[in-house]
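**Student:** Structure, please.
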Amino acid sequence: MKIENNRGAFWSELRTRFKAQMPTRESLESHRWLRPIAHRVTEPELWHMKTEPLARGVAIGLFWAFVSPIAQIIIAAAHCVWWRGNIPVAVAVTLITNPLTIGAWLYLAYQVGSLFVSGPDTTSAIVPASGVFGMLQSFGWPTVLGMAIFAIGGSLLGYLLVRTGSRLWFHWRVARRARRRSRAEG
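**Tutor:** Down below sits the predicted model:
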């Protein structure tokens, strides 16, 4: 029983810290850039941790994390308003690709994309001196294709994992309550 109380205290503390970091409705409504759209951004369902908006937020965040290395947080938040996803989760998930991981991520996107785009192997040779456009022609299309594959695959996988995890967690809680009731009854 003591372990259960400690676990509950941990989640309670985590929830309290998370809520303390979240902007208040009043601060969003008074922000000068958000004032024209504040009535849309402050809708409660965009901030609650319900399964469907949470899954949409993860999918939107993963999609824009892998598609756009620039302004991904703003784009993901805007699409959450449009598609009714959880804004804080989408913003957090976009940070999967950050300045520390962008080099490795773009290289991986290039490698995956080059599996589908035929052409000369440009990774082992020096790129000919044809300037930036030559480099983009050699590396650009495979990288863009790899980014699209990761964006679509990652968002679908993220959505399905959140939905499945939520369902499994719900069934686990129901089974745990049933076990507790049966122990209490005798």
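
**Student:** Looking at stretch 143-163 now, give me its mean pLDDT.
**Tutor:** Mean pLDDT, stretch 143-163: 95.

**Student:** Okay, buried residues for that stretch please.
**Tutor:** 143-151, 154-155, 158-159, 162-163 (16 or more other Cβ atoms under 10 Å). (C-beta placed from N, C-alpha, C; glycine too.)

**Student:** pretty sure residue 159 contacts residue 59?
**Tutor:** Yes. The pair residue 159 / residue 59 is scored as a contact, 4.0 Å apart, by Cβ atoms under 8 Å.

**Student:** Low-confidence stretches in this structure?
**Tutor:** Within the chain, the stretches with pLDDT under 70 are 1-8, 11, 24-25, 28-29, 34-42, 44, 119-138, 186.

**Student:** Show me which helix runs longest in it.
**Tutor:** Longest helix in the chain by number of residues (criterion: DSSP state H): helix 131-185.

**Student:** Who are the packing partners of it?
**Tutor:** helix 51-67, helix 102-116 (3 or more Cβ pairs under 8 Å, 6 or more residues apart in numbering; DSSP states H and E).

**Student:** Make JSON lines from the ones you listed and add mean neighbour count and distance to residue 30 to it.
**Tutor:** Shown next, in JSON lines, are those (neighbours: other Cβ atoms under 10 Å; distance: least, Cβ to Cβ, whole Å):
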{"stretch": "helix 51-67", "mean neighbour count": "24", "distance to residue 30": "24"}
{"stretch": "helix 102-116", "mean neighbour count": "15", "distance to residue 30": "34"}
